[in-house]
Each structure stands twice: as structure tokens, then as C-alpha cells.
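In: Provide a 3D model corresponding to the input given below.
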Amino acid sequence: MRRVSVMGKRLAVPLVLVLGAALSGCTGFAYISKTYVSLRPQVVTIGCNEPYEVYDQRQTRQMLIVSNGPREVAGCGLDGEDPVASRPRRFRAAARTYLDETVRDQCRIVGETVFTDRQTEFAYACDEPIEPRGTKVPRLPGRTAVGAGSR
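Out: Below you'll find the predicted structure:
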């Protein structure tokens with residue numbers, strides 16, 4: 001009997017860690033879906049024409065930056081730098097470029113949450129008040145229906 005409980009304890013800790021990791025991934029997916037699903041992505045380009053999709057939640061001053069899978073493996077314009085090592089810098093550059101190109105260059109990035117290798121959320125703060133819903137704001141061109149080029 002005692003052996004079973006010791007063995008059970010040894011298995012319980014890894015099981016709890018695996019379940020916790022799985023649930024946190026689901027939580028991230030649920031949060032992203034709830035927060036950004038209704039938004040049309042905008043595309044910002046950095047480096048050697050590296051496009052990143054941006055989902056901007058202007059009312060809460062948060063944006064989700066999304067990269068594509070091949071770039072995260074192969075990189076682009078990294079001068080031999082490991083794509084994993086350059087990821088934080090590239091995502092921050094995409095967020096900063098997006099704010100600048102949407103005429104919010106005075107805004108500053110105040111927080112960052114990495115969800116996956118391809119998805120990072122940035123919180124930003126601006127001195128001016130949040131625009132009322134429905135206000136016409138500068139937008140960047142989106143992607144065409146087939147996912148190539150811009151409108």
C-alpha cells in the first residue's frame with residue numbers, strides 16, 4: 001500500500017504540471033479569441049518586407065502582433081541571428097512601427113505578454129484620451145482575400 005502512494009505522489013506532480021501547462025495554453029487561446037476575434041487585421045512591415053498582422057483594440061489600448069510560421073523558423077534580414085533570439089526585438093519593432101504609422105508616435109509601449117512564438121500582445125499608453133467608438137482613425141492596408149499583397 002505504501003508503495004502505491006509514493007508512486008502516486010511521483011506521478012501526481014508531473015501530471016499537475018502538464019495539466020497546468022495545457023490549461024494555460026487554452027486560457028491564452030480563449031483570451032485572444034474573445035479579445036481580438038471581431039477585429040480586422042492590419043499589416044505592418046518591418047525589416048526586409050516582413051509583414052506582421054496587427055489586431056488593435058484601441059478602446060483598451062492593447063494590440064496583438066502575429067507573425068507567420070516560416071519567418072519564425074527561417075528568419076528574414078537577421079544577418080545570421082537566430083530567429084528565436086531576435087523574436088522579442090522584431091515583435092517590439094512591429095508594435096512600434098504600427099503605432100508610428102497610425103499617427104500615434106507619442107504613444108509608448110508599457111506592457112508585453114508572449115502567448116506563443118507567433119503571438120505577442122502589447123499594452124500601450126497615450127497622452128490623449130481614448131477616441132469614442134465609431135471615430136474614424138488612420139488604418140493601414142489589410143491583406144487581400146488570398147493573403148498576398150495589400151489593398
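In: any idea what residue 62 is bridged to?
Out: With DSSP bridges as the criterion, residue 62 is bridged to residue 57, residue 123.
In: wasn't residue 54 part of a strand?
Out: Yes. With DSSP: H, G, I helix; E, B strand; the rest coil as the criterion, residue 54 is part of a strand.
In: and residue 89, how many residues sit next to it?
Out: Per other CB atoms under 10 Å, the neighbour tally for residue 89 reads 12. From N, CA and C alone the C-beta is placed, and that goes for glycine too.
In: check which helix or strand it maps to.
Out: Per DSSP states H and E: residue 89 is located in helix 83-101.
In: what of residue 34?
Out: Per DSSP H and E: helix 2-36 holds residue 34.
In: what lines up beside the helix or strand just after that helix in the sheet?
Out: Going down the chain from helix 2-36, the next helix or strand is strand 42-46, by DSSP H and E. Note on strand 42-46: by DSSP bridges, its sheet partners are strand 50-57 (antiparallel).
In: ok and the partner strand relative to helix 83-101, angle-wise?
Out: 60 degrees (axes from the mean of the first three to the mean of the last three CA atoms, to 10 degrees).
In: next, the buried residues of strand 50-57.
Out: For strand 50-57, the neighbour count (16 or more other CB atoms under 10 Å) marks 50-56 as buried.
In: check stretch 60-71 too.
Out: 61-67, 71.
In: report the contact partners of residue 109.
Out: Residue 109 is in contact with 92, 95-96, 99, 122-124, counting by CB atoms under 8 Å, 6 or more residues apart in numbering.
In: same question for it, what's its three-state structure.
Out: Under three-state DSSP, residue 109 falls in the strand class.
In: report the beta-bridge partners for it.
Out: residue 124.
In: and the gap between it and residue 88?
Out: Remark: distance between residue 109 and residue 88 (CB to CB, to the nearest Å) = 12 Å.
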